[in-house]
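Student: Pasted the sequence and its predicted model underneath.
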Amino acid sequence: MSQPSPAALSLEVRPDGIGVLTFDQPGSRANTLGQAVQGEFEAILTQLNGRKDLKGLILRSGKPGMFIAGADLKEVGGAKSDPEQTRRLVKRGLDLIAAIEALPYPTVAAIDGACMGGGLELAMGFDFRIASTNPKTELGLPEVKIGLYPGWGGTQRLSRLIGPALAAELICAGEAVKPDRARALGLIFDAVPVEKLLEESIRLLQWAAQAEAVWREARKKKQQPVGLSEDQLSFMAAVTRAQVMEKTKGQYPAPLAALTAIVKGCNLPLEAGLKVETEGFVPLVGSPTCLNLIAVFFMSQRLQKDPGVVDASIQPRPVQRVSVLGAGIMGAGIAGAHVRKGIPVTLLDSDAKALEKGVAGLAKNMQGRVEIGRMAPADLVAALARLSTTATLNALTDRDVVIEAVIENEATKVQVYQELQKTLPVDAILASNTSTISITRMAKAVAKPENFAGMHFFNPVEKMQLVEVIRGEKTSDVTTATLVALAKRIGKTPIVVRDCPGFLVNRILFPYMNEALTMLEEGAEPRAIDKAATAFGMPMGPITLHDVVGIDTALYAGKVIHAAFPDRATAPRIVAELVQAGRLGQKSGAGFYSYAKGPRGADDPALAPILEKCRTGRRAFTPEEITDRLFLPMVTEASRVLAEGIVREPADVDMGLILGIGFPPFQGGLLRWADWQGMGKVLEKLKRYESLGVRFQPTDRMQELARAGKGFYAD
């Protein structure tokens, strides 16, 4: 006979009659509310409801710094689109929380650590909530980030606890709040040091036992309508809807559905409000947006656990001291990312003014974090104390890792490496923050190519999460694993990429950018191209993106990719013409658009004669054609990237593009988007454009998948 699984819940009844229910899910770093755990809760609540000897109940976690992470996303993702199954799952959760609210004595949720999603919905079923002041403690309903909204009463109970306007703000944004903010909102009773959490919970129950009207009134309030006037409700709904639309462009259904549930349900009794919530929730489960966002979540989780190498026995080297060469925007940003996370950095530049400017920019960025509450003033002081500057290579004799971020010129970089050989420790790792230059080729300039790799950060470093760790032909597993671990330490998401022109992101981005220019010369209007891209979900269109990255930068990168892949790269004239005209994009005040009046970019009549000189035709393009031509060549190039082993799996492609260029997460990533279309349909679309060249020809792998009725993902 198999042994029964260890229980996640354990009950201790204290001599004073207070029950302490501890939630500690075995074999897991987090507590989640899966079906098995819900079964345990149901059994123990049945027992608790019948006990006459209890004077109160406390729910706490047995995992320090982790209360309840929420529902089991694997179960949610597996629900697909069976409405009846979804209704059963929702009802089970609602009944469980209702059973807590029906207990014949006061209850407290003692929250230490993350209390998210279904975990907070469960906690709101308790009469009181006390949170620890542990830095890890935060409370939130982030379901919109996976294409859902709270379905276990969250939209209704939160509205009754803190008011519909604040509830809508938190739920529609999916953001968590820290204990002080939660207390100010009225979401928790108090915030106390973690070592006093149980003691204060007991004290609260003892007081509540003597003041029965208090906890019964708390329950009654949650059952009643909120009672807003029609004018108040309409105003709140209009303001919140405008905020949601500005942020999501209407491309994410869940925030708007959540707002509807709040507005329709808050003025009803709780039971009726819960029915409204369920009716809006059920269609979201199993929708493409929901399944895609859950897939993105799991892809992100996988990358956080990925050591970057196949051999799990490989251990990264310890990194205590880092240096960054080059105090420009990128170098200063890279240094700042390290010192913020407690890693001492020496920033080196031969130009004293560049060093001064780099440090000032770094400090300004961190001061901005302080002003928006993302960094404490003391943390800013500590971070700057970890930064030292130098103008000489002799200061690098004790470095574990050196990240080179000098000008994007191969000869300059190679010269720096040759000088570094004289001062660096023999086993130091040298990483280049190049976006285009071959790691394998530059490795020939270093004494130990196994200790050399690429570490490509994206601009602006303080905001962009992605780091491409590029392996040259001789880069060792240890070097790769060390740089992957270092990237994670500074809060980035690393993806390991084999050396090739453009690496991962820029290689797949190039067809998108190049095709936009090609259509422009064929007669498409800049705004029409940008509009089609943003309607698809891109944060900005490719024409605007040219202006943002710099027309001269785009010209240089385009030459690199064109030289590497001439069979599938057209050669638009427009970029070179703009550079010759001094229109370099935002930084010069004009590119495809004019920036004389601000960063948004306005149509510029001065572009017309330049564009006319480059035009090969003039015709109208439908939004569908523009979309096809922008994204289909990206799919074929991504398929080649996989076939060449540049990355290890489709998820690397999708997460690289989501994190690196803002590919819309609700589409699931480029390859998931192709899978949703169906490979047969993708090939049909490609056939329409096959006369345009190799970039619209499906790869052998794509043809195999179409014949088999499969996609890039096995699931």
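Tutor: All right, it came through fine. Numbers count the residues shown, from 1 in each chain.

Student: Report all helices and strands that the host helix or strand of Gln38 contacts.
Tutor: Using DSSP states H and E, Gln38 maps to helix 35-49. Applying 3 or more CB pairs under 8 Å, 6 or more residues apart in numbering; DSSP states H and E, one finds that helix 35-49 contacts strand 9-13, strand 18-23, helix 83-101. All C-beta atoms are positioned from the backbone trio N, CA, C, and that covers glycine.

Student: Mind listing what's buried along the longest one?
Tutor: For helix 83-101, a neighbour-count test (16 or more other CB atoms under 10 Å) marks Thr86, Leu89, Val90, Gly93, Leu94, Leu96, Ile97, Ala99, Ile100, Glu101 as buried.

Student: about what we covered before: compile the helices and strands packed on helix 35-49 into TSV and extend it with columns for distance to Ile529 and mean pLDDT.
Tutor: Listed next are these as TSV, based on distance: least, CB to CB, whole Å; pLDDT from 0 to 100:
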stretch	distance to Ile529	mean pLDDT
strand 9-13	57	95
strand 18-23	53	96
helix 83-101	39	94
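
Student: Next, format the ones you listed as JSON lines and append distance to Ala481.
Tutor: Output for the helices and strands packed on helix 35-49, formatted as JSON lines (distance: least, CB to CB, whole Å):
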{"stretch": "strand 9-13", "distance to Ala481": "39"}
{"stretch": "strand 18-23", "distance to Ala481": "35"}
{"stretch": "helix 83-101", "distance to Ala481": "40"}
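
Student: Ok, which of those comes nearest Arg527?
Tutor: Arg527 sits nearest to helix 83-101 of all these, at 40.9 Å, using CB to CB.

Student: quick revisit: closest to Phe592 among the buried residues of helix 83-101?
Tutor: Comparing the buried residues of helix 83-101 against Phe592 with CB to CB places Thr86 closest, at 46.5 Å.

Student: what sits against the closest one?
Tutor: Residues in contact with Thr86 (CB atoms under 8 Å, 6 or more residues apart in numbering) are Ala79, Phe281, Val282, Val285, Gly286.

Student: Give me the subset of the residues you listed that lies in helices.
Tutor: Members of these lying in helices (criterion: DSSP state H): Phe281.

Student: how about the helices in the stretch 451-600 of the chain?
Tutor: Assigned helices in the stretch 451-600 of the chain, in chain order: 477-489, 505-522, 526-536, 542-549, 551-564, 574-580 (criterion: DSSP state H, counting those that start in this stretch).

Student: TSV for these, including mean pLDDT, distance to Pro316 and mean neighbour count?
Tutor: What follows is those, written out as TSV (pLDDT from 0 to 100; distance: least, CB to CB, whole Å; neighbours: other CB atoms under 10 Å):
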stretch	mean pLDDT	distance to Pro316	mean neighbour count
helix 477-489	98	4	22
helix 505-522	95	23	23
helix 526-536	97	38	20
helix 542-549	94	32	23
helix 551-564	86	31	18
helix 574-580	94	41	19
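
Student: now those in TSV, with distance to Ile372?
Tutor: Listed next are these as TSV, based on distance: least, CB to CB, whole Å:
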stretch	distance to Ile372
helix 477-489	23
helix 505-522	28
helix 526-536	26
helix 542-549	23
helix 551-564	29
helix 574-580	36
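
Student: Would you mind telling me which of the helices and strands packed on helix 35-49 is nearest Ile111?
Tutor: strand 18-23 (11.2 Å).

Student: Sheet-wise, list the partners of that closest one with their directions.
Tutor: Strand pairing for strand 18-23, using DSSP bridges, gives strand 9-13 (antiparallel), strand 56-61 (parallel).

Student: can you list the residues that contact the first one?
Tutor: The one in question is strand 9-13. 19-24, 37, 40-41, 44, 48, 53-54, 62.

Student: Any buried residues in it, and which?
Tutor: Leu9, Val13.

Student: got the CA positions of it in PDB?
Tutor: What follows is strand 9-13, C-alpha atoms only, in PDB (Å, rounded to 0.1, in the frame of the first residue of the first chain):
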ATOM      1  CA  LEU A   9      -2.700  21.700   7.300                       C
ATOM      2  CA  SER A  10      -2.200  21.100  11.000                       C
ATOM      3  CA  LEU A  11      -4.300  22.300  13.900                       C
ATOM      4  CA  GLU A  12      -3.200  23.100  17.400                       C
ATOM      5  CA  VAL A  13      -5.700  24.100  20.100                       C
END
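
Student: Report the inter-axis angle for it versus helix 35-49.
Tutor: Using axes from the mean of the first three to the mean of the last three CA atoms, to 10 degrees, the inter-axis angle of strand 9-13 relative to helix 35-49 is 20 degrees.

Student: got it, and the longest one?
Tutor: Counting by the same axes, to 10 degrees, strand 56-61 lies at 160 degrees to helix 35-49.

Student: want to throw the contacts of strand 9-13 into TSV with distance to Ser313 and neighbour count?
Tutor: Below are the contacts of strand 9-13 laid out as TSV (distance: CB to CB, whole Å; neighbours: other CB atoms under 10 Å):
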residue	distance to Ser313	neighbour count
Gly19	47	22
Val20	42	19
Leu21	41	20
Thr22	36	16
Phe23	35	22
Asp24	31	16
Val37	34	20
Glu40	37	16
Phe41	40	23
Ile44	43	17
Leu48	48	21
Asp53	55	7
Leu54	52	18
Gly62	32	14
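
Student: Could you identify the most distant pair in those?
Tutor: Across those (CB to CB), the longest gap, 25.6 Å, separates Val37 and Asp53.

Student: Which one of the strands paired with strand 18-23 lies nearest to Thr389?
Tutor: Of the strands paired with strand 18-23, the one closest to Thr389 (CB to CB) turns out to be strand 56-61, at 44.9 Å.
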